[in-house]
Structures are given as C-alpha cells and as structure tokens.
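Engineer: here you go, sequence then predicted model.
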Amino acid sequence: QECFVCRKSGAAITCSEMGCNRSFHLPCASEGGCVTQHLPHYRSFCYLHRPEQAVEAAPEANTKCTLCFTPVEEKLSYCTMVCPVCKYACFHRDCIQELALFSGSSCFQCPRCQDNQQFVFKMMIQGIQVPLR
C-alpha cells in the first residue's frame, strides 16, 4: 500500500472507517493528522474519519496551553485539545501526549481538574497513547 502522507510504499495501517482505503505508516500518522486509538480494539483513522472531541467549549482568544504556556489555537482541532471533564484546561496534542507517556496510566490526569478516569478514557479515544504502568 502507498502511504497517503509521504507517498512511499509499505504503508501497513489502513483507516478503520468502512469504505475508506487510505493507508499510512505509523510514523506518518501524526504528520497526516491521523488518530490511532490504543484501546482494547486497536483502531486507526485517517484525517477525514478521525474522532473529534465532543466538547462544546472552545479555547478563547489568547488561551495558553496548560502545560507549555504557549498559545493554542482559538478552536478545537487536531493540534489543540481541551479537557472533556472541566472544559477549562487547553493543551497542544503533543504536550498532552508527552505528559501521558511520562505519567503512565496510574498517574495520567487532567493537569487542571485532576480527573483521571473520564479524562484518560477520552484522551485515549482521541489517540493519546497512555502506557500501562
């Protein structure tokens, strides 16, 4: 298969959406806006079919990432996420992914409201990998 991101052959991951035949390499997934869910039912989605956050709150103007304190986009997007529990903590996808990898499943929580159950599950649906430890 040809990777729709880098256009090279050998793409082993195909979008889980029925009827979609987009394939990509795992290292190309982030660059292509793809989401890979590291849940009991391992699934991957291309940028057109990835799950979107079902949070009505969007970052206001001049909102900063709760983790790195640099500005986030003024809307939810692949790169800008919000805590699905408190709806106030905004962060970059890369920042929350780094926190998840550092914390592991036993310590990963919203940096603002400290919810660790609904937050972890919702982040995993959005493609944030949380190691079991």
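Structural biologist: Arrived safely.
Engineer: which residues sit against whichever strand or helix holds residue 91?
Structural biologist: Using DSSP states H and E, residue 91 maps to strand 90-92. Contact with strand 90-92 is made by 59, 63-68, 70, 72, 79-83, 111, as judged by Cβ atoms under 8 Å, 6 or more residues apart in numbering. Yep, even glycine has a C-beta here, placed from its N, CA and C like the rest.
Engineer: mind running it again at 7 Å?
Structural biologist: Residues from elsewhere that reach strand 90-92, judged by Cβ atoms under 7 Å, 6 or more residues apart in numbering: 59, 63, 65-68, 72, 79-82.
Engineer: leaving out chain neighbours, which residue sits closest to residue 43?
Structural biologist: residue 16 (4.1 Å; Cβ to Cβ, 6 or more residues apart in numbering).
Engineer: isn't that neighbour up against residue 44?
Structural biologist: Yes. Proximity of residue 16 to residue 44 meets the contact threshold set by Cβ atoms under 7 Å, at 5.9 Å.
Engineer: tell me the contacts of residue 125?
Structural biologist: 37, 51 are the contacts of residue 125 under Cβ under 7 Å, 6+ apart.
Engineer: can you do 10 Å?
Structural biologist: Applying Cβ atoms under 10 Å, 6 or more residues apart in numbering to residue 125 gives the contacts 35, 37, 39, 43, 51, 53-54, 84.
Engineer: secondary structure class for residue 94?
Structural biologist: For residue 94, the assignment made with DSSP: H, G, I helix; E, B strand; the rest coil gives helix.
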